[in-house]
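**Student:** Need coordinates for the below:
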Amino acid sequence: MKKKLSDQVMNLWKKEYSSYLKKYTKYEPTEQFHHIAKLCAPGKSYYYILNLSNLSLDYVDPNIETVIGVRQDMATIDSLLKIALPNELELILKKEKIIFEFISTFVNQRDLLSYKIVYTYKCKGLKGQIQTMMIQTTALELSEMGKIEHAFVIHSDISHLRNITTDWVSFISLNGKKSYLNIKVEHACFDPNLANMGESSCNADLSKRELEIVKLMSQGLSAKIISEKLFISFNTTRTHRKNILRKTNCSNTAELITKCWADGAI
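**Tutor:** So this is what the prediction gives:
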């Protein structure tokens, strides 16, 4: 079943993306690209460049081995899919169908480069342990026909956060247009009316200090350590956390971090 599900995801990509790209063009990242990429993928993260013409990886970050235990020279998009848990592959297939519907029928072609797609999944990673990963994807280049040719993909280990759900996908605008957050896979389609567009924005509602605290919380740091890093009292940190949860209408830290990631605040 697992093999069939991973094959279904691969076949979806081949049919809906690769079949429209008539030639292979390798993406050659510059040193500046790697510098920016590392800023976007801090902590326990790795990134790669996916070539949609044949689903090959034009570049794989060597951090992949320390994050999920896969050797850089052995990494393929198929091998990365196959370490996902079987039930997660079912969700990934549904998410990818929603993503294709968004890309092909909803977003304007000229805006394809201006959206980041985010979702989470669970996989069997280092030493066979279960890891919760967050994936962020954005198009890098379009073909002459306006099809996505290369994509920049970041995988981050967020296993230190508890109670993270993996049944949603978000589309985050990078140019000030509407974002479509937390579309549940149970709907099996992209519908802007199903997105949490009306909810408050973490970027807009939280102060600079509060966003700074959220970023440190996302790294799994305790209130005590955050207090020491920011040179504020423990009680001040706890008060900030309480206010942050109230402003974002979140009931716990895991929900808060997930929302801020989906909202592009961290």
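
**Student:** Mind listing what's buried along the helix or strand bottoming out on mean pLDDT in the chain?
**Tutor:** Ranked by mean pLDDT, DSSP states H and E, the weakest helix or strand in the chain is helix 202-205, scoring a mean of 73. Across helix 202-205, burial judged by 16 or more other C-beta atoms under 10 Å covers 202, 205. C-beta coordinates here come from the backbone N, C-alpha and C atoms, glycine included.

**Student:** Double-check that Asn182 belongs to a strand.
**Tutor:** Yes - counting by DSSP: H, G, I helix; E, B strand; the rest coil, Asn182 is found in a strand.

**Student:** tell me the mean pLDDT over stretch 139-156?
**Tutor:** Stretch 139-156 shows a mean pLDDT of 94.

**Student:** still on that earlier bit, from the contact counts, what lies against the least confident helix or strand of the chain?
**Tutor:** helix 208-218, helix 234-248 (3 or more C-beta pairs under 8 Å, 6 or more residues apart in numbering; DSSP states H and E).

**Student:** These into TSV, with extra columns for distance to Cys40, mean pLDDT and mean neighbour count?
**Tutor:** Shown next, in TSV, are the helices and strands packed on helix 202-205 (distance: least, C-beta to C-beta, whole Å; pLDDT from 0 to 100; neighbours: other C-beta atoms under 10 Å):
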stretch	distance to Cys40	mean pLDDT	mean neighbour count
helix 208-218	13	89	18
helix 234-248	23	92	16
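
**Student:** For His160, which of those is the nearest?
**Tutor:** helix 208-218 (9.0 Å; C-beta to C-beta).

**Student:** Quick one: neighbours of the spatially closest residue to Arg71 that is not a sequence neighbour, just the number.
**Tutor:** Distance criterion C-beta to C-beta, 6 or more residues apart in numbering; nearest residue to Arg71, sequence neighbours excluded, is Glu65 at 5.6 Å. For Glu65, the count of nearby residues is 17 (other C-beta atoms under 10 Å).

**Student:** Surely Glu65 touches Lys44?
**Tutor:** No - judged on C-beta atoms under 8 Å, Glu65 makes no contact with Lys44 at a distance of 11.9 Å.

**Student:** Which parts of the protein belong to which domain?
**Tutor:** According to automatic domain parsing, the chain comprises the domains 2-194, 202-262.

**Student:** Now find how far off-centre the longest one is within its chain.
**Tutor:** On the basis of C-alpha atoms, centre = their mean, to the nearest Å, domain 2-194 is displaced by 7 Å from the centre of the chain it belongs to.

**Student:** before we move on, what about the last one?
**Tutor:** Here the centre of mass of C-alpha atoms in domain 202-262, compared against the chain's by C-alpha atoms, centre = their mean, lies 20 Å away.

**Student:** Would you check how far apart Ala84 and Thr166 are?
**Tutor:** 10 Å (C-beta to C-beta, to the nearest Å).

**Student:** what residues do these two have in common as contacts?
**Tutor:** The contact sets of Ala84 and Thr166 overlap at 121-122 (C-beta atoms under 8 Å, 6 or more residues apart in numbering).

**Student:** Now tabulate the helices and strands packed on helix 202-205 in TSV and tack on distance to Ile257.
**Tutor:** Formatted as TSV, those follow (distance: least, C-beta to C-beta, whole Å):
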stretch	distance to Ile257
helix 208-218	5
helix 234-248	10
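
**Student:** which one of these lies closest to Ile92?
**Tutor:** With C-beta to C-beta as the criterion, Ile92 lies closest to helix 208-218 of these, at 22.7 Å.

**Student:** got the residue ranges for the strands in the stretch 101-250 of the chain?
**Tutor:** 115-124, 130-142, 148-157, 168-173, 180-184 (DSSP state E, counting those that start in this stretch).

**Student:** In CSV: these, plus distance to Lys242.
**Tutor:** Output for these, formatted as CSV (distance: least, C-beta to C-beta, whole Å):
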stretch, distance to Lys242
strand 115-124, 25
strand 130-142, 25
strand 148-157, 26
strand 168-173, 26
strand 180-184, 23
